[in-house]
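Novice: here is the input, now give the coordinates:
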Amino acid sequence: MNNKMTEENMEKKANSNLDNNEEAVDLNQDTTQEETNEPQEQQEQTEEETQTVEENLAQQLEELKDKYLRTVAEFENFKRRTLKEKTELILNGGEKAITAILPIIDDMERAIENAHKQECVDAVEEGWELIYKKLLSTLEGMGVKKIEVEDKDFDVDYHEAVAMVPGMGDDKKGKIIDCVQTGYTLNDKVIRHAKVAVGQ
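Specialist: Below is the predicted model:
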């Protein structure tokens, strides 16, 4: 009877061990399945993040492309506008000067018409002198000035020597003796050198 009880105990023990082993196997299987599921979830999450990053980059690229195209278009418009303004300036740049000179031309025409009616030559000469002074005044208003030559030392920046006059004495050496053609500056820039004779 003791033997029978021992066998039963052993059988129960064995069955208990088997149940425990089965549970352990089940637990291991569950753990393995959970471990298998975790990397898959992480992979799906990583793919979603990558897709989001790609979408953001694509959107940024589209925005930059749009900005670039707008900038290029604006620059092309600026170039066209600048070229047009430059062309207009070249064609019509002298408009202001011509408009200022037109009244002087009117005065000259009137002087020519009335010159033969005047009995006194002095009156005609006085008229021409007034017109000349008006012209110089108008030019000065536009920044044009005569280059002064009287009692001045010869200066290559403003004068052009067309003749050398010997025997004028030491005090006239290198000085301007006579002006053959008046020189002019426009806003302090020489636009025509004064042609002069210089003492030697």
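Novice: which is the succeeding secondary structure element to the worst-scoring helix or strand of the chain on mean pLDDT?
Specialist: When the helices and strands of the chain are scored by mean pLDDT, DSSP states H and E, helix 2-92 comes last with a mean of 73. Counting by DSSP states H and E, the next helix or strand C-terminal to helix 2-92 is helix 95-115.
Novice: next structured bit after that next one?
Specialist: helix 121-141.
Novice: mind checking how far that following helix is from the chain centre?
Specialist: Distance of helix 121-141 from its chain centroid, counting by C-alpha atoms, centre = their mean, to the nearest Å, is 45 Å.
Novice: now stretch 146-163
Specialist: When distances are taken as C-alpha atoms, centre = their mean, stretch 146-163 is centred 40 Å away from the chain's centroid.
Novice: name the residues of it that are buried.
Specialist: Ile147, Val149, Phe154, Tyr158, His159 (16 or more other C-beta atoms under 10 Å). Every residue, glycine included, has its C-beta placed from N, CA and C.
Novice: what's the farthest-apart pair in these?
Specialist: Comparing every pair within those by C-beta to C-beta identifies Ile147 and Phe154 as the most remote, at 12.0 Å.
Novice: what touches both of these two?
Specialist: Residues touching both Ile147 and Phe154 by C-beta atoms under 8 Å, 6 or more residues apart in numbering: none at all.
Novice: for stretch 162-181, give the mean pLDDT please.
Specialist: Mean pLDDT, stretch 162-181: 87.
Novice: what about it, how long is it end to end?
Specialist: 10 Å (C-alpha to C-alpha, to the nearest Å).
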